[in-house]
Every structure is written in structure tokens, then in C-alpha cells.
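> quick one, what's the 3D model for this:
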Amino acid sequence: MKEGNSVVEYDDSDSTVRESEPVNNDEGNDIENAEKKKKMDGGKKRKREKMHHTDCKARMIVKLIGDRWHVIFFAPDHNHDLVVKPSLKKFMRSHKGIPQAEKDFIEMLHGCNLSTGRIMQLMNEFYGSAQLVPYEAKDVGSFRSNIRRTEKFKDMQETLDYFRELEHGDAEFFHKIKLDAEHRVESLFWVDGAARHAYIESYHDCASFDATYMTNMYDMPFAPFIGINRHGQSFMLGCAFLRDEKTPSYTWLFETFLEAMKGKAPVSIITDQDAAMRCAIAHVFPNTNHRNCRWHIMDKFTGTIGPVLDGDEELEEDFKECLNHTMNPQEFEEKWDAMINKHGLTDNVHFQRLYALRSSFAPAYYMHCFYPFLQSTQRSEGFNAVLKKYVNPNMSVLNFVKQYQKIQDKCLVAQDGQDFKTDDRDRRRWSRYPIEKYASTVYTKNLFYRFSKEFEKTAEYDVKPEGQIQYYLVPNNKFVYGYGKRAYLVTAIQDEESYYCECSKFDRDGLICCHIMKIMTRLGVKTIPNHFLLKRWTQESVPENENGGVNANSHVQADFIARGGCDGLPTKNPGASALLNPVGNPPRSKVKGRKKEKRLKKGMNAEAKRKNKCSICKSTEHNAARCPEKMGERVSESGCVRALGGLEG
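Residues are numbered from 1 along each chain as shown. Below is the predicted model:
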């Protein structure tokens, strides 16, 4: 049932309790017994220091008489030395504690993902010295632990309540949850109204999607959709938490994304090589161009193909020419076969494996697909790097959602800054050609500088006419960055404002290439034809949302979703529904992120991993500690008759 920007779903398929659930009482007892056994076996014990007692008789008794306090007994004499330094009083149990005003401030810093050490540095500055701060870092750490503990138990319920608050300020805010059979959150997706409007109006042509880990206390994979705005900046098109990375989870997420975006699937999407993700994209986005991250694929072959290329300069040059500067699948396969035969790599299984993946990442297969200045998931990776500055892995989902709002605000501020510079500043041009001056008036600032950088490359080509409407662009310096050594054929019909280059840069990036620019300047063209000006690269890319954009009343009622009703119908008393059947926190997820010890070295030129040698016999099969010669010496010295691998006599 739908009446708002929120949707709830229930899944009864998961009726079993996961192994990764928080421990129950029995499991807790087992853990305690294991700890006791560990201590009995000689494990490390926590050192507890006892307070030194002197049976001091000094005291003061105060009694309330009427409406005034009266001292009725006072014994001033102590039988021990007094603490004379004011800076030491914070170590006394009676003086420990953080003032409420500073607790509120520390809680705010805690929400900004500052570490306890950084918080103490700030407090040291406020008090003027670390000795004057009336509490320790340990006290701050304990206070922060209490904050996390209170956030933990009603985390998802409070997150949904927070979404309801956001809906009051943003009528287009959308979120949707999926619950398992035990009424615990299985999947969660949300997107703000500004991102929805921008995607629907202009930025649905390309998206980057990737999953990252360790962003919350449940280890749920975090999956953001990243888009590219008119300035070439990254921004979020929606975020999700998933319990696992299986095809059904991704299918639910992509279907929810379609629902939030009024059925508009991305024209192009780039992801890593996750098989479950690929299956879900093929099912939900059947007409979307899907490619894999080139960097991730090449990185996996670093330790195998890298040393081969590093040892043969000519092979490396042919490999790069085949991979980077072929214009279509047929040309790629012809050059690949020629390279393999030329260098005798027919039986090399590593090149065979890379060739089998060619259609998922090689540029030749995506020359006419819109991936602006993009061949990898660098947009998503860059966002993950920013995320680490805002989010602590031990934080709750509620804290994460609030930090997400701060990151989105940061993106909006960066966009506003570029908008101001685009409207307020003149562009610095490379030449005085009219076409470059015209480009400076239509493109945003960042995109104009990309145009200008491309325009500079026109000086690196000579023009050789080929008939009346075709021209060959030949490098005059043998090599042009981004285009290699080859010549490019440009077809130009000036009367029809029709220009085409076989490099297909306009199809990929939405900007005309230096080859077409060269012919335009040769023919005296002073402006860029309108069909070569993509609206998404101009200030008018996203119109003002005058009519409220998407329909804000096309989904389930917000109160019902925020309170987590479970019977499929809105209740008359949402608060009562929350008390009877609140939304439960998810169990810990088992992520399939790559282990650190198995990560390969970066770069295609990295050398193969060298095996360690035994310092005694120089063998690579073992180390010195397990050397047969050394072990044989030990046997003879001890008089033992046991031989290596034999039986004791």
C-alpha cells in the first residue's frame, strides 16, 4: 500500500536465525566460561588497583533544618597527606565527572566522528592546558561508549523516525525498507528530493555503483549510487544498506531505485566485477549499458601480466596500443591476435583470461556509450575515501544517515561555489579562436577548461584532405596524449553542420574532440552547433523545481513506515503500533570484502612476488627453521634415532 514517499516490505523467506546474530544469554555464558578457562590456563588478567585506605576520620555532616542546611558535625583532621595540586583532583573518584554543558559539546564532536584524542586536544585548547582539564580522556571515552550503547538498541526505529522528520522539510524525500520474518531490517534505501529531481531531469545518463564495507556496527555493506553533475563533480543519487551481496538483494535495491526515480533507469552504469550485481543489473536494467571498472580488472593481473610487460618494452607498447587506441571490437581483436602471434603468447593462460573479459572493460567495446571522463569506479572510490572522514565503523545507522546529510550538504556547497564562479568569473582562454570564445559562454567553468585543454591538442595535428568531405588528422609529433600515434578520419559536411570523427569522443564524454575542432577552425566555423552542446554541461542542466517535481503522495504513508507497522495496513495509533511491534535492528552481516593479505600490488609494472630462500641450503621450498639439514644436525646431536618423516625407534 502506498501513500507517501516511504515504502515498507516484508520477506518471510528468511525464517532461520543467522549465525551472525548478537549472542544470546547461553552464548554469553559460554564466552564467560571460555574467558575463565583462558585465565586459568595462564592468560593475561586485567590488573585492578585498589584504593589505599587509611581509615581517615575527617568528615562533615550536613542536615536540612527547615529550609536551610546546617553543619552539625565537622572533623577537619586527616591522617594522610592531602592533594595539594589542583590539577590532580580530576583523578579522585569524588571529583570525577564531566559538566553537562561540556557533555553536550562532546556529544556534538562525537557526531562529527572526531576521535577521543582529538576531542581532548580541543578541550586542552579551551582550558589553556591539558593539566587544567577537569577530566581524563578515559572519562570522555566512557561517555562516548554510553552514547553508542544508547543508540544501539533502538537504532533502526530511530533511523526511520528521523526519516519521517526529513519528510516534513523535504516533500520529495524517499525511503524504503525491507524486513525479514523476524521484523528486522534486511535492506534500507533512501534518497533526498534534490538528488531525485536532478537525476530525473538531467543526470540519468550515467551512474557509478559500488559497495563498501565497515561503515556501521552491523557490518552491512553500504551501496551508494554516484552521479556526475554539470561541473563534473560527484554527488549522491541515493544510498542503501544491504544485509548481503546476493542477487536478490541487489535486485530489490535496483527496483527500489527505479521506483524512486519514476522508472528512469540509468543509460550507462559502471560497477566492479561482482557477479551478483551483474545478474541484478541485467534483470532490472536490461537496456542499460553496463561496464566493469578497468582499474580493478587490470589490478588483478598485476602479478601475472605485469612482469611479462615489464620485461619486454615492445610488447608493453603493443599492449597499450591495442587496449587504449582501438576504435571498435573488430579492430581490437585483430590487433590482439597480431600481438599474441608476434610475441609468442598463444599459450599464455593469463593473457587468455584477460582476453575473455575484453567485452566488459575494453574501451573499444564502449566507444559509443556515455561514460564522461570515466573508465573506472573512481567516483565511488573517491566517495568512499570521503566517507571515512565522516563515519566511524562502530557507529549506528542513525549516526551514518546524519553524516550522509552532512556529506550531501558539502556536495551542494561545492556545487554552489562552482555555480558562482561560472556566473561571476571570466574564463582564461588558450587561443583567440571564436569557437573557443563561444564555448566559454555556454559551458560551465570546469567543462570549459576541459574543452580548452582538448582544444590545445589541435596544434598537434596536421590536416590531409581525403576527398571533398573527409580529412585525415595526422600527429605532427608522432604521439598525442589520449590518442596515441594513429591518424583519425573526420567527415565534415559544413552546410548540414554534420561532423563525425572515428575517435567517438563526443559519444563518450559529450564534448567534441580536437580532431573535429581542427576541421572547424580550418573551415572558419565560429560557433559549436547546437546538437553538439549537451544541456547537462550547462548552467541550465537542472531546471528549477517549480511544480514540486515528482509526486510526493505516490508512496506509503510516512507515519506508518516510520513506526514500522507489520500488518500491512496503517494503524489509527502509530505510536501504539511502534510499542507493540517496533522495527528490529539487523544482525551482523558477513561481508565478502577482499582480505588484506590477499591484495595484489598496484600498477601493471609491479614485479612478481619473490620467494624467500632458506639461508642454509638456498631452497625456496622452506625456511631456515624447517630446513632438513638443520633438523638433521639436531637429530644427530641429541642422539635420537628418529629420521625426518620416520618413526621413533
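> drop to CA atoms for contacts and neighbour counts, all remaining ones
OK.
> name the residues of stretch 413-431 that are buried.
Judged by neighbour count using 16 or more other CA atoms under 10 Å, the buried positions of stretch 413-431 are Gln415, Gln418, Asp419, Thr422, Arg427, Arg429.
> in JSON lines, list those residues along with distance to Cys239 and pLDDT.
Formatted as JSON lines, the buried residues of stretch 413-431 follow (distance: CA to CA, whole Å; pLDDT from 0 to 100):
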{"residue": "Gln415", "distance to Cys239": "20", "pLDDT": "83"}
{"residue": "Gln418", "distance to Cys239": "24", "pLDDT": "85"}
{"residue": "Asp419", "distance to Cys239": "25", "pLDDT": "85"}
{"residue": "Thr422", "distance to Cys239": "29", "pLDDT": "85"}
{"residue": "Arg427", "distance to Cys239": "36", "pLDDT": "82"}
{"residue": "Arg429", "distance to Cys239": "39", "pLDDT": "88"}
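> just those now: which is nearest Met339?
Arg429 (41.7 Å; CA to CA).
> residues in contact with the closest one?
The contact partners of Arg429, by CA atoms under 8 Å, 6 or more residues apart in numbering, come to Glu436, Lys437, Ser440, Ser452.
> can we see that at 10 Å?
Neighbour list for Arg429: Glu436, Lys437, Ala439, Ser440, Phe448, Tyr449, Ser452, Lys453, Phe455 [criterion: CA atoms under 10 Å, 6 or more residues apart in numbering].
> show the buried residues in those residues.
Of the contacts of Arg429, these count as buried by 16+ other CA under 10 Å: Glu436, Lys437, Ala439, Ser440, Phe448, Tyr449, Ser452, Phe455.
> residue contacts, the nearest residue to the third one once chain neighbours are set aside?
It refers to Ala439. Of all residues not flanking Ala439 in the chain, Phe448 sits nearest, at 6.5 Å (CA to CA, 6 or more residues apart in numbering). Residues in contact with Phe448 (CA under 10 Å, 6+ apart) are 231, 422, 427-429, 436-442, 454, 511, 537-538.
> quick check, pLDDT for Phe448.
On the pLDDT scale, Phe448 is placed at 93.
> check Gly66 too.
Reported pLDDT for Gly66: 89.
> what is the host helix or strand of Ala282 packed up against?
Counting by DSSP states H and E, the element that carries Ala282 is helix 275-284. Packing contacts for helix 275-284, counted by 3 or more CA pairs under 10 Å, 6 or more residues apart in numbering; DSSP states H and E, involve helix 247-260, strand 268-271, strand 289-292.
> where does the stretch 201-350 of the chain have low pLDDT?
Residue ranges of the stretch 201-350 of the chain with pLDDT under 70: 213-217.
> tell me where it has helices.
247-260, 275-284, 294-300, 305-310, 313-324, 329-342, 349-356 (DSSP state H, counting those that start in this stretch).
> report the buried residues of the first one.
Neighbour-count burial for helix 247-260, counted by 16+ other CA under 10 Å, picks out Thr247, Ser249, Tyr250, Thr251, Trp252, Leu253, Phe254, Glu255, Thr256, Phe257, Leu258, Ala260.
> what does the shortest one give?
Residues of helix 305-310 classed as buried: Ile305, Gly306, Pro307, Val308, Leu309 (neighbour count, 16+ other CA under 10 Å).
> returning to that earlier point: by pLDDT, rank the contacts of Phe448 and give me the bottom one.
In terms of pLDDT, Arg427 ranks lowest among the contacts of Phe448, with 82.
> who's in contact with that residue?
Here Arg427 is in contact with Lys421, Lys437, Ala439, Ser440, Thr441, Thr444, Lys445, Asn446, Phe448, Tyr449, Ser452 (criterion: CA under 10 Å, 6+ apart).
> wait, the first one sits on Lys445?
Yes. Between Lys421 and Lys445 a contact is recorded at 7.1 Å, counting by CA atoms under 10 Å.
> now do the helix or strand hosting Ala414: which elements does it pack against?
Using DSSP H and E, Ala414 sits in helix 397-424. The contact analysis (3+ CA pairs under 10 Å, 6+ apart) places helix 397-424 against helix 100-111, helix 137-153, helix 155-169, helix 193-198, strand 234-242, helix 378-390, helix 434-442, helix 445-456.
> wait, which of the ones you listed is closest to Glu333?
Using CA to CA as the measure, helix 378-390 is the one of the helices and strands packed on helix 397-424 that comes nearest Glu333, at 27.1 Å.
> in this structure, where is pLDDT below threshold?
1-47, 148-154, 213-217, 380-394, 545-611, 630-649.
> quick one on the thing from earlier: format the helices and strands packed on helix 275-284 as JSON lines; extra columns: distance to Cys322.
Shown next, in JSON lines, are the helices and strands packed on helix 275-284 (distance: least, CA to CA, whole Å):
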{"stretch": "helix 247-260", "distance to Cys322": "34"}
{"stretch": "strand 268-271", "distance to Cys322": "22"}
{"stretch": "strand 289-292", "distance to Cys322": "18"}
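> of all the ones you listed, which one is nearest Lys96?
Evaluated with CA to CA, these place helix 247-260 nearest to Lys96, the distance being 48.8 Å.
> figure out how far that closest one is from the centre of its chain.
Counting by CA atoms, centre = their mean, to the nearest Å, helix 247-260 is centred 18 Å from the centre of its parent chain.
> do stretch 514-525 as well
On CA atoms, centre = their mean, the centre of stretch 514-525 falls 41 Å from that of its chain.
> dump it to CSV, restricted to CA.
Taking Å, rounded to 0.1, in the frame of the first residue of the first chain, the C-alpha atoms of stretch 514-525 are listed here in CSV:
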residue,chain,number,x,y,z
CYS,A,514,40.3,18.0,-31.0
HIS,A,515,40.1,16.5,-34.5
ILE,A,516,36.6,18.0,-35.2
MET,A,517,37.8,21.3,-33.6
LYS,A,518,40.7,21.3,-36.0
ILE,A,519,38.5,20.9,-39.0
MET,A,520,36.0,23.5,-37.7
THR,A,521,38.8,26.1,-37.4
ARG,A,522,40.1,25.2,-40.8
LEU,A,523,36.6,25.8,-42.3
GLY,A,524,36.1,29.0,-40.4
VAL,A,525,33.3,27.7,-38.1
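> quick one: contacts of that stretch?
By CA under 10 Å, 6+ apart, stretch 514-525 touches 433-436, 451-463, 470-474, 487-492, 494, 497, 499-503, 505-506, 526-528.
> count the neighbours of the residue nearest to Ala58 when sequence neighbours are not counted for me.
The shortest distance from Ala58 to any non-neighbouring residue, by CA to CA, 6+ apart, is to Ala75 (4.8 Å). The number of residues packed near Ala75 is 10, by other CA atoms under 10 Å.
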